[in-house]
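Engineer: I'll drop the sequence and a predicted model, then ask my questions.
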Amino acid sequence: MIDRTADCIAPLSADLRPVVPVPLPVVQMRRWVVAGGVALAAAIAVGIRGDWSSALVAWPVIGRTVVLALVAASGAWAALRLATPGEAVPRAAAWPLAFALIWLAWVGTEVVWSSSTGAAGAVGFGWRCIVRAVAGAAVPGAVLLVMVRRAMPLATMPTAVALAASTAAVGELAAEWMCPNMQAMHLFAWHAVPVILVVGAATTFAAALVGRIAPARRTHGRQ
Amino acid sequence: MTPEQERALAALMVRAQNADAAAYELLLGELQSVIRRFVGRRVGDVPWLEDVVQDTLVAVHRGRHSWNPARPFVPWLYAVAQSRLVDVIRRERRVAAREVRYEAALAAAREHSAEAAILAGSEVRAAMASLSPPQRRVVELLKLEERSIQDVAHVLGLSEGNVRVIAHRAMKILRRAIGGS
């Protein structure tokens, strides 16, 4: 048995190529904030909502923006740490999930509250909000995905959840500042549900999304 | 592991990242025993311990870029080993649920009483008697002598398709005879 393990060293040594070490998570985070921030700002600038000046002082918009920014930042940080062996802290994906739950509770409360006052509005057909979210999240999401896949995520599920939560939050941030429709039902159906679906899909396809290390061959025989 | 040993491993890893094959071979040799100790402390002397060691060495090789020299090396290594260990444990559980170990099957077969073996043998012999001579010959060659279809066809002077048809019908009769008794 020991000989076999010793035997696997020679092929690994023969396959040795120089590699560039992955930067520390804090360096990657900085890069993600810059690249993602610029891309998000550009997307919002192109399609900013007409009532942006009043939105700037509307506390529900500001509140949701802050919570979404927390989801995005904590999600990216968790994904980067989880993708770096030896860096991962237990339950690193808990923070973005907790912030995401706060945001969902916020949207849910708005639905319940406005339904009781008869001002929930209609679900309507808000496909443009999906396009806005995708436009805002495409670059930050791609940058984060490349960073995570380039490292070595050992726990694929929490890494994928953190990555998806962060990306979906960035997209939702874009949609928040590009969509003038603030009716509760619209927010729930076309802003919150897509976020849930994205995180759900990432959970389902975690290994394919963030990549995983294929196991080495088995050594002891079985029948 | 002493701080000196940790520093030595980290230095070897830095050289390995720069494609120093001699340092890499030395590093992997050292890591073998480090990983074996790490895993052994957690799960004891299990038959698949070497699987974890090998899996970890391969993972170290594939993910050697993910260690940054600004960080300590051993926590990185242990995190990789821990993840491989969890994967192998899961794999072993899956295997245990679906497969029978060769040694266990052999032991069970040995424990099987001679009487049962005689009974089974007599059952098969009785069932074989219900086959036509060509069917019996095909079954003997295919199943008892474990010859290939081509080989049997050649021996009996039949086409391969014909051998398949005869074998299929014979097995059907045997199954019915043994299952029905």
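Structural biologist: Received it, and whenever you're ready, just let me know what you need.
Engineer: going by C-alpha atoms from here, please, whenever you check contacts or count neighbours.
Structural biologist: Will do.
Engineer: quick one: A:Ala93 and A:Leu80 touch, right?
Structural biologist: No: applying CA atoms under 8 Å, one finds A:Ala93 not in contact with A:Leu80, separated by 10.6 Å.
Engineer: which neighbours do those two have in common?
Structural biologist: Counting by CA atoms under 8 Å, 6 or more residues apart in numbering or on different chains, the contacts common to A:Ala93 and A:Leu80 are A:Thr159.
Engineer: number of residues surrounding B:Glu4?
Structural biologist: B:Glu4 is flanked by 9 other residues according to other CA atoms under 10 Å in any protein chain shown.
Engineer: how near is it to chain A?
Structural biologist: 19 Å (CA to the nearest CA, to the nearest Å).
Engineer: in contact with B:His65, which residues?
Structural biologist: Residues near B:His65 by CA under 8 Å, 6+ apart: A:19-22, A:151, B:17.
Engineer: give me that answer again for 7 Å
Structural biologist: Shown in contact with B:His65 (CA atoms under 7 Å, 6 or more residues apart in numbering or on different chains): A:19-22, B:17.
Engineer: select from the residues you listed the one having the most neighbours.
Structural biologist: B:Gln17 leads these on contacts (other CA under 10 Å) with 24 neighbours.
Engineer: please report how far that residue lies from chain A.
Structural biologist: For B:Gln17, the distance to chain A - CA to the nearest CA - is 5 Å.
Engineer: so what pLDDT did that residue get?
Structural biologist: pLDDT for B:Gln17: 93.
Engineer: wait, it touches A:Val22, no?
Structural biologist: No: assessed by CA atoms under 7 Å, B:Gln17 is found out of contact with A:Val22, at 11.2 Å.
Engineer: how about the helices in chain B?
Structural biologist: Applying DSSP state H to chain B gives helices spanning B:3-17, B:21-43, B:49-62, B:73-98, B:102-111, B:114-129, B:133-139, B:149-156, B:160-180.
Engineer: of those helices, which is nearest A:Gly63?
Structural biologist: Distance to A:Gly63, taken as CA to CA, is lowest for helix B:73-98 among these, at 38.0 Å.
Engineer: which neighbouring elements make contact with that closest one?
Structural biologist: Packing partners of helix B:73-98 (3 or more CA pairs under 7 Å, 6 or more residues apart in numbering or on different chains; DSSP states H and E): helix B:49-62.
Engineer: domains of chain B?
Structural biologist: If you go by automatic domain parsing, the domain ranges for chain B are B:3-98, B:113-180.
Engineer: pick out the shakiest of those, pLDDT-wise.
Structural biologist: Among the domains of chain B, domain B:113-180 scores lowest, with a mean of 83.
Engineer: mind checking how far that domain is from the chain centre?
Structural biologist: 30 Å (CA atoms, centre = their mean, to the nearest Å).
Engineer: and stretch A:108-115, by the same measure?
Structural biologist: Centroid separation for stretch A:108-115 versus its chain: 26 Å, with CA atoms, centre = their mean.
Engineer: hey, C-alpha coordinates of it in PDB?
Structural biologist: Only the C-alpha atoms of stretch A:108-115 are listed here, as PDB (Å, rounded to 0.1, in the frame of the first residue of the first chain):
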ATOM      1  CA  GLY A 108     -42.300  40.100   2.600                       C
ATOM      2  CA  THR A 109     -43.300  42.600   5.300                       C
ATOM      3  CA  GLU A 110     -43.900  45.200   2.600                       C
ATOM      4  CA  VAL A 111     -46.200  42.700   0.800                       C
ATOM      5  CA  VAL A 112     -48.100  41.900   3.900                       C
ATOM      6  CA  TRP A 113     -48.300  45.500   5.100                       C
ATOM      7  CA  SER A 114     -49.400  46.900   1.700                       C
ATOM      8  CA  SER A 115     -51.900  44.000   1.200                       C
END
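Engineer: which phi and psi does the closest residue to A:Leu16 other than its chain neighbours have?
Structural biologist: With sequence-adjacent residues excluded and distances taken as CA to CA, 6 or more residues apart in numbering or on different chains, A:Leu16 is closest to B:Ala19, at 5.8 Å. B:Ala19 adopts backbone torsions of phi 70, psi 40, taken as degrees, to the nearest 10.
Engineer: was I right to think B:Ala19 contacts A:Asp15?
Structural biologist: No: look at B:Ala19 against A:Asp15 with CA under 7 Å: they stay out of range, at 9.5 Å.
Engineer: okay, these two: which has more neighbours?
Structural biologist: Using other CA under 10 Å, the more surrounded residue of B:Ala19 and A:Asp15 is B:Ala19, with 17 against 12.
Engineer: next one: the more buried one from B:Trp76, what distance?
Structural biologist: Taking CA to CA, to the nearest Å as the measure, B:Ala19 falls 19 Å from B:Trp76.
Engineer: for chain A, what spans make up the helices?
Structural biologist: A:2-7, A:9-14, A:25-47, A:52-55, A:59-82, A:94-116, A:127-150, A:156-178, A:184-187, A:193-204, A:206-210.
Engineer: what residues does chain B put near chain A?
Structural biologist: B:17-19, B:21, B:24-25, B:28, B:50-51, B:54-55, B:58-59, B:61, B:63, B:65-68, B:75-76, B:79-80, B:83, B:100-102 (CA under 7 Å from any CA of the partner chain).
Engineer: distance check, A:Leu82 against A:Val161.
Structural biologist: Taking CA to CA, one finds A:Leu82 at 11 Å from A:Val161.
Engineer: what's the burial count for B:Ala104?
Structural biologist: Counted with other CA under 10 Å, B:Ala104 comes out at 11.
Engineer: repeat that for B:Leu49.
Structural biologist: Using other CA under 10 Å, B:Leu49 has 21 neighbouring residues.
Engineer: do the same with B:Arg94
Structural biologist: Neighbour tally, B:Arg94, other CA under 10 Å: 11.
Engineer: for A:Pro11, same thing?
Structural biologist: The tally of other residues near A:Pro11 (other CA under 10 Å) stands at 10.
Engineer: now, of the residues of chain B next to chain A, which are buried?
Structural biologist: Buried subset of the residues of chain B next to chain A (neighbour count, 16 or more other CA atoms under 10 Å in any protein chain shown): B:17-19, B:21, B:24-25, B:28, B:50-51, B:54-55, B:58-59, B:61, B:63, B:65-68, B:76, B:79-80, B:83.
Engineer: straight-line length of stretch B:58-73, end to end?
Structural biologist: In stretch B:58-73, first residue to last residue: 16 Å (CA to CA).
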